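J.: Here is a sequence together with a model predicted from it:
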Amino acid sequence: MAKFLSRDINLMEFQISHSNKQKLKPFYDDPDSMLPDVEAYASWLHPSALNSFDCIMKEAKGKKVVVFLDYDGTLSPIVEDPDKAFMSTEMRAALREVAKQFPTSIISGRSRDKVKEFVQLNNVCYAGSHGLDIMQPPKSRDKKGNEGAFQPAKLFLPAIQEISMELEHKIRETQGSKIEDNMFCISVHYRQVPPQDQGNLKEKVKSVVENRPEFRLTEGKMVIEVRPSIEWNKGDALNYLLHTLGFSNADDVLSLYIGDDQTEEDAFKVIAGKREGFPIVVSSIPKETKAWVNDR
Ligand SMILES: O=P(O)(O)OC[C@H]1O[C@H](O[C@H]2O[C@H](CO)[C@@H](O)[C@H](O)[C@H]2O)[C@H](O)[C@@H](O)[C@@H]1O
């Protein structure tokens, strides 16, 4: 069985990434950098992925397993500088093995190119901007083998660039803030902004989109994101990928989705709704989730 589903390699990897998280110094009340409340965690009524390993194996028997992963906080530890969220060599090796065995996709909030640059694997399918930029799986490429991409928010690009410039101008004086261009989304990071300035920063970001109903704001881990207001999320991206991979009507498919953030809930909901897969949440603290199993 592929290393991804092995207690010894992959799931252990997630624990490794969590022990990294716990070593982070507490930074401006970020839940990811806090030590977990052991009692609360133990009473969290979600089965553990490690303890449910045999059950997952039983369900997977005779089925086509399809793997979906998030990047930040899942394949790489959460770090203070988003440009330094590198993946460990061990994680890359485990992922390479998984992708040899099962169709594997990474659905990230980052730009597609950035995730690919971090992951550096060719046997994985990449979806960036929370699924607004999806690389075509090899089977669906054109005769010349051109990669191509599904980009449902392409029309928004000029406005996104405009917003990006306006944001640069508005928040340049907020010490510690950082804008990340994720192509179809813009991330405004405040992990390194002093707590007393964070509210003000959020207000500035809000002011940039308040007269633009075609955009909306979402919040992640110490990040506020500007996204096109179209009905498309990581759950839709998952369905799209299953379809292009030729699995949408198959009744012998088992999808695994592993992720840590709020945006993952849309994908968890899709898998939970299909009742043919396992949504796995990576979290060192109890939280409200649609996922059935956590990473411990
Ligand atoms: O969907 P994901 O792959 O999980 O991407 C979500 C956001 O992740 C990144 O930000 C988060 O991780 C950074 C590095 O550890 C951390 O510094 C930041 O505070 C986190 O919010 C990424 O930089 C964002 O653009 C993604 O949207």
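T.: Noted; the coordinates are in hand. Numbering: from 1, shown residues only.
J.: can you list the domain ranges for the chain.
T.: Each structural domain of the chain that the record assigns through the TED database is listed here as a residue range: 49-136+232-281, 154-228.
J.: mind checking the end-to-end distance for the last one?
T.: In domain 154-228, first residue to last residue: 10 Å (C-alpha to C-alpha, to the nearest Å).
J.: Are stretch 96-106 and the ligand in contact anywhere?
T.: No. With C-beta under 6 Å from any ligand atom as the measure, stretch 96-106 is seen stopping short of the ligand, the closest distance being 7.6 Å. The way it works is simple: take the backbone N, C-alpha and C, and place the C-beta from them, glycine included.
J.: Over to stretch 210-223?
T.: Yes. Under the criterion of C-beta under 6 Å from any ligand atom, stretch 210-223 makes contact with the ligand via 220-223.
J.: In those, which residue is surrounded by the most others?
T.: With neighbours set by other C-beta atoms under 10 Å, the maximum within those is found at M222, which has 21 neighbours.
J.: pretty sure it is touching P195, no?
T.: No. Distance between M222 and P195: 10.9 Å, which falls outside the contact criterion (C-beta atoms under 8 Å).
J.: Show the contacting residues for S177.
T.: Taking C-beta atoms under 8 Å, 6 or more residues apart in numbering, we find S177 in contact with 171, 188-190, 192-193, 201.
J.: Could you let me know which of the residues you listed ends up closest to L121?
T.: Within the set of the contacts of S177, H189 lies nearest L121; the separation is 25.8 Å, counting by C-beta to C-beta.
J.: what about the closest one, neighbour count?
T.: H189 is flanked by 21 other residues according to other C-beta under 10 Å.
J.: got it, and the one 4 residues further on?
T.: The number of residues packed near V193 is 22, by other C-beta under 10 Å.
J.: Is it part of a helix or strand, or is it coil?
T.: The three-state assignment at V193 reads coil, by DSSP: H, G, I helix; E, B strand; the rest coil.
J.: Give me every residue in this structure lying close to the ligand.
T.: Counting by C-beta under 6 Å from any ligand atom, the positions of the chain adjacent to the ligand are 70-73, 78-80, 82, 85, 108-110, 180, 182, 187, 189, 191, 220-223, 225, 261, 263.
J.: Strands - which of the contacts of S177 land there?
T.: Among the contacts of S177, DSSP state E puts 188-189 in strands.
J.: Using neighbour counts, give me the buried entries of the contacts of S177.
T.: 171, 188-190, 193, 201 (16 or more other C-beta atoms under 10 Å).
J.: ok so K114 is a strand residue?
T.: No. Remark: K114 does not belong to a strand; assigned using three-state DSSP, it is helix.
J.: residues near it, how many?
T.: K114: 20 surrounding residues under other C-beta under 10 Å.
J.: In the stretch 51-200 of the chain, which residue sits nearest the ligand?
T.: In the stretch 51-200 of the chain, the residue found nearest to the ligand is G109; the distance is 2.7 Å by C-beta to the nearest ligand atom.
J.: what's the closest non-adjacent residue to that residue?
T.: Spatially, and ignoring its direct neighbours in sequence, G109 is nearest to H130 (5.0 Å; C-beta to C-beta, 6 or more residues apart in numbering).
J.: ok, back up a step: secondary structure and pLDDT added to the residues of stretch 210-223 next to the ligand, as a markdown table?
T.: Output for the residues of stretch 210-223 next to the ligand, formatted as a markdown table (DSSP: H, G, I helix; E, B strand; the rest coil; pLDDT from 0 to 100):
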| residue | secondary structure | pLDDT |
| --- | --- | --- |
| G220 | strand | 93 |
| K221 | coil | 94 |
| M222 | coil | 97 |
| V223 | strand | 97 |
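J.: bridging residues for T218?
T.: E225 (DSSP bridges).
J.: give me the number of residues near the residue nearest to V226 when sequence neighbours are not counted?
T.: Ranked by C-beta to C-beta, 6+ apart and with sequence neighbours excluded, the top spatial neighbour of V226 is I186, at 4.4 Å. The number of residues packed around I186, counting by other C-beta under 10 Å, is 24.
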